[in-house]
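J.: have a look; sequence and predicted model below, questions after that.
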Amino acid sequence: MATDIITKEEAKRKLDSGEDVIIVDAREEDVYTGGSDQIEGAIHLTSNTAHEVFAGLPKDKEYLVYATKGEENLSKKFAAFMKQKGLTAYAIKGGYEDWRDSGLPIEPIKAKGTPLL
């Protein structure tokens, strides 16, 4: 199953237009906790935690997945896995760094234990 790719501009348009989308931060735990920011409104799922929560994710939403630019294949694989589980998912091209460096909205990483949805 091929992974659909979305540009940061397309992702931002979806968010701004009020489309029912969820941003998924798929960065590995050590990268995520070693950073200080995430894309605004993102939930954090890793390959270790995803299996536990996929069943509870709404199927009527679109999921926009990102990792770091160097882990772009990770976001593609993660989005493809979500599609296999019946979810509509896209990988954001360029990863977190391209998003941040373009001046798009970011926020401090949420504390552990923050509800996913």
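T.: Sure, I can see it. Numbers count the residues shown, from 1 in each chain.

J.: mind listing what's buried in the helix or strand of the chain with the lowest mean pLDDT?
T.: Least confident helix or strand of the chain, by mean pLDDT, DSSP states H and E, is helix 47-53 with a mean of 73. Within helix 47-53, the residues scored as buried using 16 or more other Cβ atoms under 10 Å are A50. No exception for glycine: its C-beta is placed from N, CA and C like everyone else's.

J.: run the chain-centre distance for it.
T.: 14 Å (Cα atoms, centre = their mean, to the nearest Å).

J.: residues in contact with the helix or strand that that helix is followed by?
T.: Of the helices and strands lying after helix 47-53 in sequence (DSSP states H and E), the nearest is strand 62-66. For strand 62-66, contacts defined as Cβ atoms under 8 Å, 6 or more residues apart in numbering pick out 6, 11, 14, 19-27, 39, 42, 57, 75, 78-79, 82, 87-92, 95-96, 99.

J.: quick check: bridge partners of the most centrally placed residue in the chain?
T.: The residue lying closest to the centre of the chain (Cα atoms, centre = their mean) is V24, at 2.2 Å. The partner list for V24 in beta bridges (DSSP bridges) reads I43, V65.
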